[in-house]
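[1] This is a predicted model, with the sequence first.
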Amino acid sequence: MRGVDLIVLLDLLSRPGRDWTVRSVAGGLGLPPASVQRAVERLAATPALDGASRRVNRSESESLFVDAARFMFPAHLGAETRGTPTAWGASPLSDALAVTDGVPVWPSPTGTARGFAVDPLHDVAGALAVARPELYEQLTLVDALRLGDARVRGVAADLLRERLFGGVRA
């Protein structure tokens with residue numbers, strides 16, 4: 001799996017049923033259709049997506065984000081730089097927690113914050129901050145799952161479940 005696969009899966013979760021094509025997902029994410037096609041093929045090899053029926057398995061997707069993302073796509077804070085806030089440096093997590101460890105940012109010369117660099121799941125993430133604010137929020141929560149301690153991960157998981165799956169699970 002690759003980071004772009006999680007971005008594609010987030011997009012598929014926002015679409016009702018099978019109401020998507022590779023071309024529509026690619027256009028909505030600003031990715032080449034071939035990249036989306038490969039991501040869909042990789043996702044279909046997991047329990048998160050049934051490739052034959054083109055249906056997303058919501059509970060398996062939840063497990064992928066909440067339980068596996070930090071192991072499959074570990075993230076670490078780097079040097080201080082300018083960028084786009086993510087994880088606990090961005091809303092909705094910044095509204096829910098008071099974290100003083102410094103703000104994580106996706107490096108960008110046009111970024112709005114100064115903080116510690118963290119590599120996004122894919123280069124397209126920064127552009128989605130402006131083009132798709134709802135998806136940007138979800139990506140910041142996934143970054144919190146990748147970066148945060150147990151408390152941060154717990155709050156991020158609850159917020160992600162609320163946004164993607166309609167509620168908090170114990």
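    Yes, it's here.
[2] need the strands for the chain, in chain order.
    Counting by DSSP state E, the chain has strands at residues 49-50, 55-56, 80-85, 104-107, 113-117.
[3] In TSV: those strands, plus distance to residue 31.
    Backbone N, C-alpha and C define where each C-beta goes, glycine included. Formatted as TSV, these follow (distance: least, CB to CB, whole Å):
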stretch	distance to residue 31
strand 49-50	17
strand 55-56	18
strand 80-85	18
strand 104-107	16
strand 113-117	23
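[4] deepest of those, which one?
    strand 104-107 (a mean of 26; mean count of other CB atoms under 10 Å).
[5] Now do that one, average pLDDT.
    Mean pLDDT, strand 104-107: 96.
[6] Output it in PDB with nothing but the alpha carbons.
    Extracted C-alpha coordinates of strand 104-107, given in PDB (Å, rounded to 0.1, in the frame of the first residue of the first chain):
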ATOM      1  CA  PRO A 104       3.100  19.700  12.800                       C
ATOM      2  CA  VAL A 105       3.000  21.100   9.300                       C
ATOM      3  CA  TRP A 106       3.200  19.800   5.800                       C
ATOM      4  CA  PRO A 107       6.100  21.800   4.400                       C
END
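[7] so where's this structure uncertain?
    100, 167-170 (pLDDT under 70).
[8] can you list the domain ranges for it.
    3-72, 80-165 (automatic domain parsing).
[9] Quick one: end-to-end distance for the shortest one.
    With CA to CA, to the nearest Å as the measure, the ends of domain 3-72 fall 9 Å from one another.
[10] just to revisit the earlier point, nearest to residue 11 among the strands of the chain would be which one?
    Using CB to CB as the measure, strand 55-56 is the one of the strands of the chain that comes nearest residue 11, at 10.1 Å.
[11] Can you tell me the strand partners of the closest one and which way each runs?
    strand 49-50 (antiparallel) (DSSP bridges).
[12] ok, the residue nearest to residue 10 when sequence neighbours are not counted - contacts?
    Leaving aside its sequence neighbours, residue 10 sits nearest to residue 138 (CB to CB, 6 or more residues apart in numbering; 5.1 Å). Counting by CB atoms under 8 Å, 6 or more residues apart in numbering, residue 138 touches 10, 160, 163-164.
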